[in-house]
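Participant: Fold the following and give me the result.
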Amino acid sequence: VQLVESGGGLVQPGGSLRLSCAASGFSLDYYTIGWFRQAPGKQREGVSCITPSDDTSYYADSVKGRFTISGDSEKNTVYLQMDSLKPEDTAVYYCVVAVCGYLSGRFYSNAVDAWGQGTLVTVSS
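Facilitator: Have a look, this model is predicted:
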């Protein structure tokens, strides 16, 4: 069971990137997959989650309207399309099996599996 992140890189403010989370050894359809990020000197935080089997998605307020999460069952891959990127989006991004949702209107996310290596996103001019 493995999730591998890719797609990170250097982008200017206002630019876009698409991250990929490829699964092997299991089908993503049966799990909720979350994207998390950790900026230098900060705690890891949840960004967005999706349950591919019913396409239910969740977003943190900080990325709502700018990021879009999606799943491709044939490719067994979850994507995170990131638009209108800001310098504060700079972080290492991770995907992991997670428990996610909204509680009293507030996004929550908790990883339930081990972290991978992540992919670095740098937003800078």
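
Participant: Off-centre distance for stretch 3-14?
Facilitator: For stretch 3-14, the separation from the chain centroid amounts to 11 Å (computed by Cα atoms, centre = their mean, to the nearest Å).

Participant: hang on, I meant stretch 108-118
Facilitator: With Cα atoms, centre = their mean, you get 10 Å for stretch 108-118.

Participant: Dump that stretch to PDB, restricted to CA.
Facilitator: C-alpha atoms of stretch 108-118 as PDB (Å, rounded to 0.1, in the frame of the first residue of the first chain):
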ATOM      1  CA  TYR A 108     -11.100  19.000   9.800                       C
ATOM      2  CA  SER A 109      -8.700  16.300   8.600                       C
ATOM      3  CA  ASN A 110      -6.700  13.600  10.300                       C
ATOM      4  CA  ALA A 111      -4.200  11.300   8.600                       C
ATOM      5  CA  VAL A 112      -4.700   7.700   9.400                       C
ATOM      6  CA  ASP A 113      -1.600   6.300   7.600                       C
ATOM      7  CA  ALA A 114       2.100   6.900   7.400                       C
ATOM      8  CA  TRP A 115       3.400  10.000   5.600                       C
ATOM      9  CA  GLY A 116       5.300   9.700   2.300                       C
ATOM     10  CA  GLN A 117       8.100  11.900   1.000                       C
ATOM     11  CA  GLY A 118       5.800  14.700  -0.200                       C
END
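
Participant: Show me which residues of it are buried.
Facilitator: 109, 111, 118 (16 or more other Cβ atoms under 10 Å). All C-beta atoms are positioned from the backbone trio N, CA, C, and that covers glycine.

Participant: helices or strands next to the longest strand seen in the chain in the packing?
Facilitator: As assigned by DSSP state E, the longest strand anywhere in the chain is strand 91-103. Strand 91-103 sits against strand 2-6, strand 17-24, strand 33-38, strand 45-51, strand 56-59, strand 77-82, strand 106-111, strand 119-123, with contacts defined as 3 or more Cβ pairs under 8 Å, 6 or more residues apart in numbering; DSSP states H and E.

Participant: For the residue nearest the centre of the chain, name its beta-bridge partners.
Facilitator: The residue lying closest to the centre of the chain (Cα atoms, centre = their mean) is residue 35, at 2.3 Å. Beta-bridge partners for residue 35, by DSSP bridges, are residue 48, residue 95.
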